[in-house]
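Chemist: no sequence on this one, just coordinates:
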């Protein structure tokens, strides 16, 4: 495994070129003429100019309306020769701008406090904080200071141009603007190894330029979200009006728009703009939109409509958490009304529990209990939390996780399908998962899991936590957990990976007498969380051995 020092000095340029070439090869028909010209302009430059531009493009800089700002005197890269000459060539190519016309305040973040204090012709108190120092420089009298002219003694300021075009390349490569070229570094350092899934042209996620534009507009709106939430109702509604309308068949964009609308609507709720919030929630197709609408209806005194929304949820719940909300909220809302008889109290499961006393320690309470059980029972106990079930499922269904379906894979360096953490993951592959689970028995499970465990060791899979697995743990789990239990566990896990991948018990105990038991550990003052209780309820329904251990300090 290489170290950071062993990477090529201009690894970033190689990775940049890989990304751009990949996008042009697959999406040239979706790129604008300006974006293609950006690529041609850069490729026409000498190697040092390209290195400098990509260096600056990938750095944050000081944001401004003219582009990210950098001081030329602060630029020093060992692999870039004749840097001033490279700057001139980039300016001539329109990829850098020297000393753009901006208010002087836009330049100030480029300079430290000592540099700014040295500009003053009048000695200023050394105790002045930066904000007060800037104000003093801007308001000096009787010897007013031309701050713009004074700053020029430090040398030129450079503004990166055309960076917006690289956003399109990044979007088409990653499928989002949350990732960047650091993903390549993780691969180059050997921290990630990727499954070699096929990338077929017919399965590419982006199909039209309109789709690309809508994703770009979404990310622009996302950048403005925080500011709009701070400014209040009018700014929130204005941003909501600017959101893209969505593209038929683009589930990824719809999910992103839902998340943004939910954030806007939730803030409108807090501001008591309930009608506006409800209108935005109506545009959302994912939870908790209906939940929030039901709460708003009840808050406004419309009990009947609130209960009607709960019935809608119960008829077709998006997930288990939404169903449980509707049962409980419906019961609380109907209580002491004419609808009370229609909403009986939901039954809450009480799992078998035991209290044990242990000497107080700084060690994790789960590890203390694990050692206590091994000593008292004589069997083997492991701290697995959410890792074991997920990993065995990932090994058993490895090929299905990486099945090349439309929209799942954007580039060769994905640790998971693009829709993995969404409600669409299982339905899009349901026929394959159902067929695999129908084949599940002790023999098929054991053979597939061990083969995949040996052949795929170290390759990234969103379900498999390699560092949590060992030969012995896997052997015990496959031997002691019956195939029908694996079947039921897999079924529930796949039904809602986003929510069900959390809340599993901390420990698995393999008693000396045989079998197994899943145990949730609760230290002093801790109690079961809703997702943990849902898993324990499921265990009871399917006769999966489980329990809760409450720890008290001796």
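Modeler: Structure's in. What do you need? Being a predicted model, the structure only gives us computed values, none of them experimental.
Chemist: how near is the residue nearest to residue 335 when sequence neighbours are not counted to residue 288?
Modeler: In space, and not counting its chain neighbours, residue 335 is closest to residue 343: 7.6 Å by Cβ to Cβ, 6 or more residues apart in numbering. Yep, even glycine has a C-beta here, placed from its N, CA and C like the rest. Look at residue 343 and residue 288: by Cβ to Cβ, to the nearest Å, they are 20 Å apart.
Chemist: Pick out whichever of those two has more residues nearby.
Modeler: Using other Cβ atoms under 10 Å as the criterion, residue 343 and residue 288 rank with residue 343 on top: 21 against 18.
Chemist: quick one: the strands in the stretch 251-400 of the chain?
Modeler: Applying DSSP state E, counting those that start in this stretch to the stretch 251-400 of the chain gives strands spanning 353-358, 380-383.
Chemist: Packing partners of the longest one?
Modeler: If I follow you right, that is strand 353-358. helix 365-377, strand 546-553 (3 or more Cβ pairs under 8 Å, 6 or more residues apart in numbering; DSSP states H and E).
Chemist: Mind listing what's buried along that strand?
Modeler: residue 358 (16 or more other Cβ atoms under 10 Å).
Chemist: State the mean pLDDT of it.
Modeler: Averaged across strand 353-358, the pLDDT comes to 94.
Chemist: ditto for the last one
Modeler: When pLDDT is averaged over strand 380-383, the result is 96.
Chemist: Adding distance to residue 175 as columns, could you present the strands of the stretch 251-400 of the chain in JSON lines?
Modeler: As requested, the strands of the stretch 251-400 of the chain are exported to JSON lines (distance: least, Cβ to Cβ, whole Å):
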{"stretch": "strand 353-358", "distance to residue 175": "45"}
{"stretch": "strand 380-383", "distance to residue 175": "35"}
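Chemist: Nearest to residue 229 among those strands would be which one?
Modeler: strand 380-383 (39.8 Å; Cβ to Cβ).
Chemist: Quickly run through the sheet partners of the closest one, with directions.
Modeler: strand 507-510 (antiparallel) (DSSP bridges).
Chemist: what sits opposite the nearest residue to residue 109 once chain neighbours are set aside in the beta ladder?
Modeler: Computed as Cβ to Cβ, 6+ apart, the closest residue to residue 109 that is not its neighbour in sequence is residue 62, at 4.7 Å. Beta-bridge pairing of residue 62 under DSSP bridges involves residue 69.
Chemist: What residue spans form the domains of the chain?
Modeler: 4-185, 206-342, 353-553 (automatic domain parsing).
Chemist: Give me the below-cutoff pLDDT ranges for the stretch 351-500 of the chain.
Modeler: By pLDDT under 70, the stretch 351-500 of the chain has no low-scoring segment.
Chemist: swap in the stretch 1-150 of the chain?
Modeler: The stretch 1-150 of the chain contains residues with pLDDT under 70 at 1-5, 141-145.
Chemist: and if we set it to 80?
Modeler: Within the stretch 1-150 of the chain, the stretches with pLDDT under 80 are 1-6, 120-124, 138-148.
Chemist: where do the helices sit along it?
Modeler: Along the stretch 1-150 of the chain, counting by DSSP state H, counting those that start in this stretch, helices occupy 11-27, 33-43, 47-58, 83-92, 104-107, 113-118, 130-138, 147-151.
Chemist: who wins for proximity to residue 299 among these?
Modeler: Of the helices of the stretch 1-150 of the chain, nearest to residue 299 by Cβ to Cβ is helix 130-138, at 42.0 Å.
Chemist: Provide the contact partners of the closest one at residue level.
Modeler: Residues outside helix 130-138 that contact it (Cβ atoms under 8 Å, 6 or more residues apart in numbering): 104-105, 108, 113, 116-117, 119-120, 124, 128, 145, 147.
Chemist: hang on, the earlier thing: next up, the contacts around the residue nearest to residue 109.
Modeler: The contact partners of residue 62, by Cβ under 8 Å, 6+ apart, come to 68-70, 106, 109-110.
Chemist: Which single one of the residues you listed is nearest to residue 431?
Modeler: Looking across the contacts of residue 62 and measuring by Cβ to Cβ, the closest to residue 431 is residue 68, at 47.8 Å.
Chemist: Find the nearest non-adjacent residue to the closest one, please.
Modeler: residue 61 (3.0 Å).
Chemist: Give me the neighbour count for the one you found.
Modeler: Neighbourhood size, residue 61 [other Cβ under 10 Å]: 19.
Chemist: Kindly report the same for residue 193.
Modeler: Neighbour number of residue 193 under other Cβ under 10 Å is 13.
Chemist: And residue 105, by the same measure?
Modeler: 11.
Chemist: From residue 62, how far out is it?
Modeler: Distance of residue 105 to residue 62, given as Cβ to Cβ: 11 Å.
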